[in-house]
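A.B. asks: All I have is the shape, not the residue letters:
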């Protein structure tokens, strides 16, 4: 049939019309759950699972736990099932969740701003010894993670933590996670502004609040007024960074949309300066934008970074001001100045603004135990005022040490293998949980990182340039591999004998702070775990031979030949 004005369809073949379901954004009317995670969140708020844990699961045991609670809502209270022992990395992506699940849990204690009293730290240590087989890892988000926790013991653990003002609420899940802050807030001599009052108000508004307990994905927050930029602000969903406005004085520069994992993005500035007292309002507005406009259709596109990438900072700021701040216009402001410190981890002895000192020290890749934590509490009480901090580099700090007590404290820490004078390798190496406990992991990390420190200290005893070596057991980048000088992403590789063994893909030259950016991947470069010390020694010796005066490793790695990096 020929096409006519009365029959235009005859001119072209008929195409199948598909219905676009959108991205699951609540603000545009898409409330129907588009995946299983959104369905179980709609069925029952994750915060409600606590009652079932206390009244049913802890009394009837592991087998009584509903699957949607076990692998879903229990995260809202900091609980993940840990990996069943003996399952190798080759089976991580093959087995069903119930085949990977052990009958024990990881339990994450949130430590907002890294702030602890010695009383709190002692309780954390005692719980580790009594209920977690001594485990108590310090994370790169200032938390403490237990392993080997039985569901039967969870209510008692909560009672003890909450008795000293700590909590596991929304330490995991699609929620506002721990709010990281400068570990020397209100303490350091060079601080621009103390963000602690804002952090406390942000916590008060959103924790245990069902208005914010169903987000598209996790939401990571950082705030710091330190000029050394000590909270990795570029890779948080929202960050408030201390700056001095030329007219209004100290306040915060606002960043949004950072995050790593398998699709890394650096955060962007909104170009807005916010005074301390307005930070909680702006924070709550940004959190609400994520809740209402965030993408809920695909889990791998649900983080805030994807919305920010699509909107851009200008539209994001416009929506924030018009829809969530009642039309209030934010003040334009300056960017943070580049940090001048060689390290940003506060390790060593530093003078406080009150004339006393704080002492930062380095456990091995964040691995401590309950007994050690109680001994740290004892040292902090004997040498300080009873205040301790955790950092975003898996390190710890004791505050308020009188000058005459510093040497004694440093020696006592050394006796516990918690050095305040670490080598570059002890200071700069971090590792995620790895295959020992994590169901997503493919390779071992904690023990490998500790062994690597020892080998590099032996082989390169004079190496003293700042250097970060980050080991991750899978592609999800919990240990920030893309922004490390040497980032190691765990995977199975083939060795020289043709055998499949544990190894790493290598990222070189990533950085935060000074010239932030993601590390370079050398084509085809994969290193077995056994070859790792040889490889890193070889690359660092080439760096030492080829570097220009004052050149950082990341800068050299960006310009070096692939041969030099292989």
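C.D. replies: Structure's in. What do you need? Note that this is a predicted model, so its numbers are computed, not measured.
A.B. asks: Show me which residues of stretch 25-39 are buried.
C.D. replies: Buried residues in stretch 25-39, counted by 16 or more other CB atoms under 10 Å: 25, 30, 33, 34, 37, 38. Using the backbone N, CA and C atoms, a C-beta is placed for each residue, glycine as well.
A.B. asks: Include pLDDT when you put those residues into CSV, please.
C.D. replies: Listed next are the buried residues of stretch 25-39 as CSV, based on pLDDT from 0 to 100:
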residue, pLDDT
25, 97
30, 94
33, 95
34, 94
37, 96
38, 97
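A.B. asks: Make CSV from those and add distance to residue 392 and secondary structure to it.
C.D. replies: Compiled in CSV, the buried residues of stretch 25-39 are given as follows (distance: CB to CB, whole Å; DSSP: H, G, I helix; E, B strand; the rest coil):
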residue, distance to residue 392, secondary structure
25, 31, coil
30, 35, coil
33, 34, coil
34, 34, coil
37, 27, helix
38, 30, helix
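A.B. asks: With respect to residue 191, which of the residues you listed is nearest?
C.D. replies: Nearest to residue 191 among those is residue 25, at 39.0 Å by CB to CB.
A.B. asks: ok, now which ones touch the closest residue to the closest one other than its chain neighbours?
C.D. replies: Leaving aside its sequence neighbours, residue 25 sits nearest to residue 293 (CB to CB, 6 or more residues apart in numbering; 5.3 Å). Residue 293 sits next to 25, 26, 27, 28, 307, 319 when contact means CB atoms under 8 Å, 6 or more residues apart in numbering.
A.B. asks: now the fifth one: how far from residue 313?
C.D. replies: So the one you mean is residue 307. 11 Å (CB to CB, to the nearest Å).
A.B. asks: A helix includes residue 51, no?
C.D. replies: Yes. Counting by DSSP: H, G, I helix; E, B strand; the rest coil, residue 51 is part of a helix.
A.B. asks: sorry, back to before: residue 307 and residue 313: who's more crowded?
C.D. replies: More neighbours surround residue 307 than the other of residue 307 and residue 313, with 23 against 18 (other CB atoms under 10 Å).
A.B. asks: hang on, the more buried one in a strand?
C.D. replies: No. Looking at residue 307 with three-state DSSP, it is helix, so not inside a strand.
A.B. asks: Quick check: it touching residue 265?
C.D. replies: No. Residue 307 is not in contact with residue 265 according to CB atoms under 8 Å; the separation is 11.0 Å.
A.B. asks: Could you list which residues are in contact with residue 439?
C.D. replies: Contacts of residue 439 (CB under 8 Å, 6+ apart): 80, 81, 82, 83, 92, 97, 100, 101.
A.B. asks: For it, grab phi and psi.
C.D. replies: phi -70, psi -20 (degrees, to the nearest 10).
A.B. asks: What separation do you get for it and residue 337?
C.D. replies: Applying CB to CB to residue 439 and residue 337 gives a distance of 42 Å.
A.B. asks: Same check on residue 388?
C.D. replies: In terms of CB to CB, residue 388 sits 29 Å off from residue 337.
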